[in-house]
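*Asks:* Build me a model from this:
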Amino acid sequence: MYSKGMILASAIRQVRGLGDNKFEVVTSQRTFIFRAEREGERQEWMETLQTATRPPACGSQKRLSGTPHPPSTNKRGLLELRGYKGRVLVSLAGSKVRLCKTEQDYKVGLAIAEVELTAANIRDVDRRGFEINTPFKSFCFTAESEREKEEWIEAVQESIAETLSDYEVAEKIWFNEANRSCADCRAPQPEWASVNLGVVICKKCAGQHRSLGPSISKVRSLKLDSSIWSNALVELFLEVGNKHANSFWAANLPLEEAIFTGASTEQRATFIRRKYRERKYRKVLEGYDDLEQLNQALCAAVVLPDVLKTMELLFSGADVMCTTGDPTFSTPYLLAQRAGQRLQMEFLHQNKLSDFPRLDQWSDNTSLSDASLFMDGFLYISSISVKTTPDRRGRDDMTRRWCTLEGGFLSFYESERSPTAMGRVDVTETVSLAVSNTEAMTGAGAVFTVELYLQTERVLTVGAETQETQRDWIHALTKCFVPCKVEGLVQRDVELIGRLQYKEGHDLYHWRTGWFMLEGSTLHFSPGDEEGEEEVLQLKQLQELTVSTHTEGEDKIQVLLMVEAGRTVYVHGFHRMDFALWHAAITLAAGTDGKGLSDQQLTKKGVPIIVDSCIAFVTQYGLCQEGVYQRPGDPARTALLLEEFTRDARNVKLREKEHQLEDVTDTLKSFLSQAEDALLTKELYPYWVSALDEQDEKKRVKKYSTFIESLPKTNRSTLDAVLQHLYRIQKCSHLNLMPSEKLASVFSSCLFQTQGQTPQETSVVCDLISNYITLFSVNKERVQQMERENSFITRWNEKKDATFSPAGDLIFEVYLEKRAPENCCLIKMSPSMRPSELAETALSMKSITFNPEDLWTTFEVIENGELERPLHNSEKILEQVLEWSNLDCPSSAFLVIKKFSEAKKEEDGKDLTQIIKSSYLKFSDGSSKLLSGHKFQDKYAVLRTEKLLLYRDIKATKPEKVIQLDSVKCYLGVRKKFKPPNSWGFTVYTDKQQWHFCCEKREAQVSWVTDIIRMKFGSDLLTKSVNSKESANHYLATRGAVAEGNKIPSYGYNASKQLTDRRTSFEDIKLRATKATSLPHKMNNATKTPEVPLRRPSLDVSQPQRFLSRSPSRHSQPLPLPLPTQSGCKTLSRKPAQGKGGIMPPNLLNELNLVLSKTGRSAKSND
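*Replies:* Predicted coordinates for the structure are as follows:
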């Protein structure tokens, strides 16, 4: 029976009698009037109340009555009470629940009723409700939230348990001082223990110990489970104690990973799991190499009193039920029993079902493979369909759920007490896992999210309250679907990890499944098999990043192409959302993500593309420009260009007709000024300036070198590029009027990022420009190359509108029939020279009688003679030579003139673009060079309508490959490293790919190559040549000469890479050029020939000029030109022959001379 109102005696201020058998009780807030039936009864009530409110006789004696708000209150809050209007204040103190109308009533000692919990129980009713049942009445409460309800239930249950508690065991256990605080969080007066681990723990930690399972931790109460606490078990805890137990369990615990009383549930769960399940902080026992040695040590330890030694061995992996070798005493327990070791027996008995497998003692941290596949804790869950685009920033529908990971399945429950799971996900079906390393705002608050992309085309989003908890769940989840062979990928700071289909350079024909992991701007990938090794792509240095649609059978898939440093990788996902995830992440990582230099898109040398592009443009078009870098550009155009570079520098193309020189120079200066940190770094500013105190320039430069070495890698490579560029600019100061001092005044504020210029900054930058060669240890050959390039650019800039006379032009080496010194001809070439003209000139120089039936043809030979192709007569020689710059080894290319009688002419009037040709050919795309199992395969090839089509067989209706002939080159031969089945092969090149074919006979080989060339150009390979008499006259007119065999310099030729890698650095090849003016004066005394009128130079004005086809790189970079220098060709007896004259475009000449220098040849002139 419970009251409807209650006044605590401590709240009564005064008791006064009134007339008519009444009396009043006065409190600080209210006055209550009571009436008795008789006067005597009233007087009795008044005396009793006055006695209760009278102060105690002794000040130290405690008042028997309760206080208005007892200091031992366990929990207090507002709850709804069924049958009562409005909410009431509920206070739980000890074993009593007090109900008050308001907070004010509670404070002054007024209440509705007080419920004794001695014989009560509590029951969970519904989502937010719970019920306290007593023998007399049931009280049904409703909390504001589910979490609050759980807290009330837990508090009431604890109070009910307290009424049944027996403190006898606890007092005994606490006799060991170390047991008076929790072994895990140091909370005082712990009332629980793990009887097999030998640790005393608090209630909060006990809940996490239960989640470990009884095979790891058997949790018992010190107050409630008195029946299990035998004298031996109590004595064991007194012997071991928390201090000695932690000397093993927490021997290597870092201070920053320890938890304390106020730790959250997630922090507590993580710590306890690492401490006991993973044994991360355990003491490592030395000298035990295998399980057998541990078991032997255990058998020896149990017969001695040292229980701690037995504990260390058992928890390090020794088998508690191992065989002892004694048939009578066959287990360690029996050995301890024989030795009379009661505490050893008790410890072994409590651990007879424990499961602690042996850990590798040389491992400092438990590896992923050692971690258990069981984990639990609270997570925020939200699952969405693949049809919806997931929001990586977080979701409003995420709800907090108790989750368990076991057997590869992630199950989530409404609460940790719920018996039935609300849902379950098979984690082994995960194809990709995305991690958010920043807090995401959700409807439940800020969480760190993880997204699991499943094969079932669903995405599961989970969130953790702390980043540490998120990291633990990531390791546990990835263990379920990532194979052990690539678990090294998981040990890093994962942003995205998963499976993708991919193919790369050594096998572009077959898709393989690989494991990819994105870490910052680095993409790691591995095939996942034993033979495959982990590879890395630096996404900031990608030269190409494009998406295309491929047809696989009847399906169309999106494929992401990545090209970096000559390597090509194609990837595609398992479904659309999976691919979209990786595409977005890789694009973001490969893009510009800040103003720092290292945050930019970079070249393969580590220079920001914006810097590299601007420098190349200014070098090509501004080297001779007066006041370059001083003339201001248009601010609007500059800002727009800078924005384009910032958005995607990889796809910005600087062109002379589209961009102004001044805008490009301002863009470069603006970028350097606005970078996150100065190129020379603000941190080193005082050191740069203080170096000026050194008067000796050599010592000053030595200091500069030290500072440069301390710069970040990207800053150092960028500074190298900028200073090299400025050094070249000042070397042409006689033309551009920009010496080092002027350049330093312009760039000092950019390189230091200061306002205006100071003399000290200008002096430092001037020193850096002037001493660039010394500072960066540039070798002599590279210096000469830069000087040649500068000289050619300035020279052709002066002559860009001039027509070159027949008396002097570029000289080029051509071989007759084969490459041998005695067969070398030096021939002057004009931009319009065609193959037939080159052949006529070479034959005339050799005094060979020309026979039209011999079909003399000019061949372009590459790859050290392994590949050659006849040049169609519509092709210009110089343009083909320029394209050698795309080869990895330009020195392997040369021109040879020889008979090609096998090439038969087509009948007049036939449309050569409509040739139809088909047959079976042996085919390979190059994948066989590393995979011996993949060789040339039979394919049915069809040549028609300017296309080369490849079918699986003659019955197939859909081609596997379609090659457009307008952009290909076709060479006779196949490189030996591809192991062709015979010698009758040909190779078809495009900008990015090459295909290899083999025919059955030589005739078929030549037929296919000539037909492809005819179809591409729409005409026959050769045109009708001039007769021998005309050729002889031309020889006399041009006064041609043949080089003597023993006077021609020899060159080394090395095997090169595939032609598809078109990213050769011009700086890696030694330039070799000569001037005709350096030839000995005795050339003037060469054999005279009768003078005849010179033929009028033929200018090709009908066909538009075709420039060098660029490689698929980030931007079209202008190519500087080397200056011809003196060569060793000093004993030529005659002047070189000259081809037809014409106007030499300066950019064509610039590129030509650079290519010639790269090939190790000489670009000679006869002025």
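
*Asks:* now the helices: where do they sit in the stretch 401-550 of the chain?
*Replies:* With DSSP state H, counting those that start in this stretch as the criterion, the stretch 401-550 of the chain has helices at 467-481.

*Asks:* any weak-confidence spans in it?
*Replies:* 442-445, 491-492, 505-507, 528-532 (pLDDT under 70).

*Asks:* where exactly do the strands run in it?
*Replies:* Secondary structure of the stretch 401-550 of the chain (DSSP state E, counting those that start in this stretch): strands at 409-413, 423-426, 430-435, 440-442, 445-454, 458-464, 496-504, 507-519, 522-526, 535-538, 544-552.

*Asks:* for the nearest residue in space to Gly109 that is not next to it in sequence, what are its contacts?
*Replies:* Nearest non-adjacent residue to Gly109, counting by C-beta to C-beta, 6 or more residues apart in numbering: Ala11, 2.9 Å away. All C-beta atoms are positioned from the backbone trio N, CA, C, and that covers glycine. Taking C-beta atoms under 8 Å, 6 or more residues apart in numbering, we find Ala11 in contact with 27-28, 68, 108-110.

*Asks:* Restricted to strands, list those.
*Replies:* In strands, judged by DSSP state E, the following of the contacts of Ala11 are found: 27, 110.

*Asks:* Between the strands of the stretch 401-550 of the chain, which one is closest to Ser330.
*Replies:* strand 409-413 (39.2 Å; C-beta to C-beta).

*Asks:* What is the closest one packed up against?
*Replies:* Judged by 3 or more C-beta pairs under 8 Å, 6 or more residues apart in numbering; DSSP states H and E, strand 409-413 is in contact with strand 399-406, strand 423-426.

*Asks:* okay, these in JSON lines with mean neighbour count and distance to Ile228 next?
*Replies:* Listed next are the helices and strands packed on strand 409-413 as JSON lines, based on neighbours: other C-beta atoms under 10 Å; distance: least, C-beta to C-beta, whole Å:
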{"stretch": "strand 399-406", "mean neighbour count": "18", "distance to Ile228": "27"}
{"stretch": "strand 423-426", "mean neighbour count": "16", "distance to Ile228": "35"}
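
*Asks:* Next, format these as TSV and append distance to Glu103.
*Replies:* Below are the helices and strands packed on strand 409-413 laid out as TSV (distance: least, C-beta to C-beta, whole Å):
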stretch	distance to Glu103
strand 399-406	29
strand 423-426	41
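
*Asks:* looking at these, which is closest to Pro632?
*Replies:* strand 399-406 (60.0 Å).

*Asks:* What separation is there between Gly77 and Arg87?
*Replies:* 9 Å (C-beta to C-beta, to the nearest Å).

*Asks:* ditto for Gln29
*Replies:* In terms of C-beta to C-beta, Gln29 sits 20 Å off from Arg87.

*Asks:* Which of these two has more residues huddled nearby?
*Replies:* Between Gln29 and Arg87, Arg87 has the larger neighbour count (other C-beta atoms under 10 Å), namely 16 against 13.

*Asks:* Thought Glu80 was touching the more buried one, still the case?
*Replies:* Yes - between Arg87 and Glu80 there is a contact at 5.3 Å, judged by C-beta atoms under 8 Å.

*Asks:* Relative to Phe936, which of the strands of the stretch 401-550 of the chain is closest?
*Replies:* strand 507-519 (11.7 Å).

*Asks:* What helices and strands are in contact with the closest one?
*Replies:* strand 496-504, strand 522-526, strand 567-572, helix 576-590.

*Asks:* Now tabulate these in TSV and tack on mean neighbour count.
*Replies:* Below are these laid out as TSV (neighbours: other C-beta atoms under 10 Å):
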stretch	mean neighbour count
strand 496-504	21
strand 522-526	20
strand 567-572	20
helix 576-590	19
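
*Asks:* closest one to Ser918 among the ones you listed?
*Replies:* Short answer: strand 496-504, nearest of those by C-beta to C-beta, at 28.3 Å.
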